[in-house]
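Peer 1: need the 3D shape of this:
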Amino acid sequence: MWWVGSRCPAVASAAAALVFSSLFTVVTVVGPVGAAHAVTAAAPAPTVQGPPGAAAGRSSTGETVITNDIRLHLEEDGVLLGEETLTFEGGAPTTFTRALTETMLYDTEHDRVFEVHGVGAADGTGEELVVETEKAGGTLYAHISTGGAETVVLRYRVRGAVSQVAQGVQLEWRAVGAYSHTVQSTDVTVTARMPPEGLSCLAGEPRSALYCTASDMGTDMAVAHFLQADMRPSDRLDIAVTYPPGAAEGEPILDRRWSLASSFQVTPWTAGVFGLLLVVLVGGLVVLIRVRGRDERALREEAARGDQAPVTTGEHGRARFEPPDGVHPGQIGTLFNETVDITDLTGAVVDLAVRGYIRLEELPHEHFTSVDWRLVRLDGPPGESLRPYEWLLLDALFAERRTVRLSQVGTARVCADFPARMDRVREELYRDMVRLRWFARSPNQVRGRWSTMGMAITALGVLLTVLLAMFTTAAFTGLAVVIAGAAITVAAQYMPAKTRLGSSVLAHTIGFRDYLLSQRSATERPGERVEIYSRYLPYAVIFDDVDRWANILASAALTDLTDEELTGDGLAWYTGPQEWRIEDFADSIRTFAVTLTGIITNARRMRLVNQFQRRR
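Peer 2: From the prediction side, this is the model:
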C-alpha cells in the first residue's frame, strides 16, 4: 500500500481518505496515467544533491513538524507560478532553505534549463521576509529567514517547464529539489486552463526511480495532485503532467553541454572556412612554385655566364684568380640560403688564410690522436683591404694576440666574449648583404619579423580555439588560424627576397659552383695551379667539396713545387710539422675545418645556454 513506511499515522489517515474519496476517479484514468508515467520514466537523472550545509534531520528542538503545501499554476504562455505554504509546528528554524532546480540533464548533449525568477517570501500576516538566493551546481537555493513565523509563504516563477509532445502539452518540473530540514508532508497541486490527461511522479533519493507516495486528478478531474511523505533533506520530488494540445505554449530551454567532441563539430560553415583556407594555401603554393620555376629558369640562363674559370690575365701574363662579382666565400653561403651558417664562417677563415692574413701551422702531434694548430695573424698583401665582417672575424679569433692555438680559440683565456663577437660577425655579414644591395633588407630581420608574426598568429589561434571550445561549438574554425600561423612561421625562412642585382650575383655564383664541381676546373697550367687552386679551396669548403679540392691542390703542389719548398713550408699559408708531408694535406685541412666548425658551434650553443640560465 502507498502508506507503507509512513512515520505519522495522521498523515497516513489523511492520505488514505484522499485515495478512498477519489478511488473511482483513479480507476477511470488508469490508462492515461500509465501513458504519462511511461513518458516521465525516461526523465533525466537528477543533478541536485541537497542544499549547502543541509541538516540531516529536524530543527535543533527535535520537535518541529514541517509540512509544505505547494500550489502550481501553469499559465497559457508557459510560465509556471509557484506558491508554497510552509507550516512549522513546534517552532520554526531560524533559516529554512528551499532548493529550486535550474538545470537538469536532458540528453547526451544538452542540459535542460529552468529559469526561476521572482523568488520572495512572506509570513502568515503577509509581511515580507528576507530571502537570500545562492546559485550552485545548477540549483537556486532560497535561504528564508523565518523570523520565528509559524507559516511562511514562498513565491516564484518558472519558465522552461513546458514541452510540446505528441500527446499534447507536457509539464515537467522538479517540484522539490531539496529541503534543509526533514519535511513530514509535501502536498503538490497543479492547475491549468485545461484539465490534465495524465500524470506521473518520482521521489526519494536523487537517483531513485520509485513512485511518489500518491497522485491523482482530484474529485473533479480538474487538477493534478501529488503527495510525498517524510522527505529527507536530500530527497527530491519530480512531477510530470500531460495536458491537451493548446493548454500552454513553450518549449524546453536547452543548453548544449560542453565536451571536447561537441566543441569541434564539423559543420558546413566550419568546413567552408577550412575549404577556403585550403584553397588559399594550395593556390599560394602553386603560385610560389610557378614563380620559383620562372626564377630558376632565369637563373639557369644567367648562370651559364658564370660557368667558366674565374681567372684573368695579370702582370707578366700570369693567371690571376678573380671571383665572380667579387663574392667572398663567407658571402656566398649567405647569398645562397639567406642564412649565415657555421660553414660560411669556417670557409671565411680558410679564405683569410689563403689570402695571406692568417698562417695555419699544424703542430707536432703530442699524443697519438692529438692534432692542434697555431694560428698566426699576418698583415696581408699590400694594397688589399678587408671587408668589415672579416676584420671582426680576425678580432674574434685572435682578440689582442698575434698568435693563438686553435684549441684555445673561444676560451676565456684568449677571448672571454667570443660568442658575442661571433654574433657581431654574423650581423655584419647580414648588413654586408644590404650594403652590397643584394638584399633590400637584412635577411635575418625579415625572417625574424615573419617568424614573430607567425608565432603571434599561432598563439592567437590557440587562444581563439580555447575560447571557441569553451563557449561555442565552432572551435574547429580556430584551428584554421593555428594552421595559418604555423604555415607563416615555417614560410618565414623563405621570405627574404633578393634584389635584381642579388639575383644576378647569385646566378653567376651558381655558375661558378657548377664549374668548380666539374672536372674542367682542375685544368690550370702548371706553375700557376697551386695559387689558383688554393683560392678555390675556401669556396670548396662552402660547396662541401673540400676533400676533392684538397687532394687536387696537394697533387698540384707535389708536381709544381720544388723539393726545397715541399720540405720547407710546402704552402705559403699552411705548414706542417717535421714528419708532415704534402700528401697529408687533404686529411689535415679537413680535420682543421671540422675542428674549427665544432669550436664555433659549441660557442654558439654555450651562448644560448647562458641566455636561458640568465632568464631563469
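
Peer 1: what pLDDT does the residue nearest the centre of the chain get?
Peer 2: The geometric centre of the chain, computed from its C-alpha atoms, lies nearest to residue 462 (C-alpha atoms, centre = their mean), at 4.2 Å. With respect to pLDDT, residue 462 has a value of 92.

Peer 1: any low-confidence regions in this structure?
Peer 2: Within the chain, the ranges that satisfy pLDDT under 70 run 1-62, 282, 285-286, 288-320, 367-369, 567-570, 606-616.

Peer 1: may I have the residues that are in contact with the residue lying closest to the residue nearest to the centre of the chain once chain neighbours are set aside?
Peer 2: Once flanking residues are discounted, residue 462 sits nearest to residue 482: 5.9 Å by C-beta to C-beta, 6 or more residues apart in numbering. C-betas here are computed from N, CA, C, even on glycine. Counting by C-beta atoms under 8 Å, 6 or more residues apart in numbering, residue 482 touches 458, 461, 462, 465.

Peer 1: which helix or strand contains residue 482?
Peer 2: Per DSSP states H and E: residue 482 is located in helix 475-491.

Peer 1: buried residues in the helix or strand that that helix is followed by?
Peer 2: For helix 475-491, the following helix or strand on the C-terminal side (DSSP H and E) is helix 500-516. Buried residues in helix 500-516, counted by 16 or more other C-beta atoms under 10 Å: 502-516.

Peer 1: what subset of the contacts of residue 482 is buried?
Peer 2: By 16+ other C-beta under 10 Å, the contacts of residue 482 give 458, 461, 465 as buried.

Peer 1: please name the nearest non-neighbouring residue to the last one.
Peer 2: Spatially, and ignoring its direct neighbours in sequence, residue 465 is nearest to residue 478 (3.1 Å; C-beta to C-beta, 6+ apart).

Peer 1: and that neighbour, how far from residue 459?
Peer 2: 12 Å (C-beta to C-beta, to the nearest Å).

Peer 1: what of residue 510?
Peer 2: According to C-beta to C-beta, residue 510 and residue 459 sit 39 Å apart.

Peer 1: where along the stretch 451-600 of the chain do the helices fall?
Peer 2: Using DSSP state H, counting those that start in this stretch, the helices found in the stretch 451-600 of the chain span residues 475-491, 500-516, 529-542, 546-560, 563-567, 585-615.

Peer 1: chain center to the helix holding residue 482: distance?
Peer 2: On the basis of C-alpha atoms, centre = their mean, to the nearest Å, helix 475-491 sits 10 Å off its chain's mean C-alpha point.

Peer 1: one more: stretch 143-151?
Peer 2: Distance, centroid of stretch 143-151 to centroid of chain: 53 Å (C-alpha atoms, centre = their mean).

Peer 1: still on that earlier bit, check contacts around the residue nearest to residue 465.
Peer 2: With C-beta under 8 Å, 6+ apart, residue 478 has these contacts: 461, 462, 464, 465, 466, 467, 468, 469.

Peer 1: how about 7 Å then?
Peer 2: Neighbouring residues of residue 478 by C-beta atoms under 7 Å, 6 or more residues apart in numbering: 461, 464, 465, 468.

Peer 1: need these in CSV with distance to residue 428, can you?
Peer 2: Supplementary listing: the contacts of residue 478 in CSV, determined by distance: C-beta to C-beta, whole Å:
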residue, distance to residue 428
461, 37
464, 41
465, 42
468, 46
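
Peer 1: closest one to residue 152 out of the residues you listed, please.
Peer 2: Nearest to residue 152 among these is residue 468, at 46.1 Å by C-beta to C-beta.

Peer 1: isn't the closest one up against residue 474?
Peer 2: Yes: the pair residue 468 and residue 474 passes the contact test of C-beta atoms under 7 Å, sitting 5.3 Å apart.

Peer 1: more neighbours, the two?
Peer 2: Per other C-beta atoms under 10 Å, whichever of residue 468 and residue 474 has more neighbours is residue 468, with 20 against 17.

Peer 1: skip the chain neighbours and tell me the closest residue to the more buried one.
Peer 2: Counting by C-beta to C-beta, 6+ apart, the residue nearest residue 468 is residue 475, at 4.1 Å.

Peer 1: which residues touch the one you found?
Peer 2: 263, 264, 465, 468, 469.

Peer 1: from residue 109, how far off is the nearest residue to residue 114 once chain neighbours are set aside?
Peer 2: Nearest-residue entry for residue 114: residue 160, 4.7 Å, with adjacent residues in sequence omitted and distances by C-beta to C-beta, 6+ apart. Per C-beta to C-beta, residue 160 is found 17 Å from residue 109.

Peer 1: could you do residue 206 as well?
Peer 2: 22 Å.

Peer 1: neighbours of residue 420, how many?
Peer 2: Using other C-beta under 10 Å, residue 420 has 12 neighbouring residues.

Peer 1: so which of residue 160 and residue 109 has more stuff around it?
Peer 2: Neighbours were counted for residue 160 and for residue 109 using other C-beta under 10 Å; residue 160 has more, 21 against 13.

Peer 1: just to be sure, residue 272 is in a helix?
Peer 2: Yes: assigned with DSSP: H, G, I helix; E, B strand; the rest coil, residue 272 falls within a helix.

Peer 1: quick revisit: and of the buried residues of helix 500-516, the nearest to residue 63?
Peer 2: Using C-beta to C-beta, residue 502 is the member of these that lies nearest residue 63, at 98.1 Å.

Peer 1: find the residue closest to that closest one in space, skipping its chain neighbours.
Peer 2: Residue 502 sits nearest to residue 438 (C-beta to C-beta, 6+ apart), 3.3 Å away.
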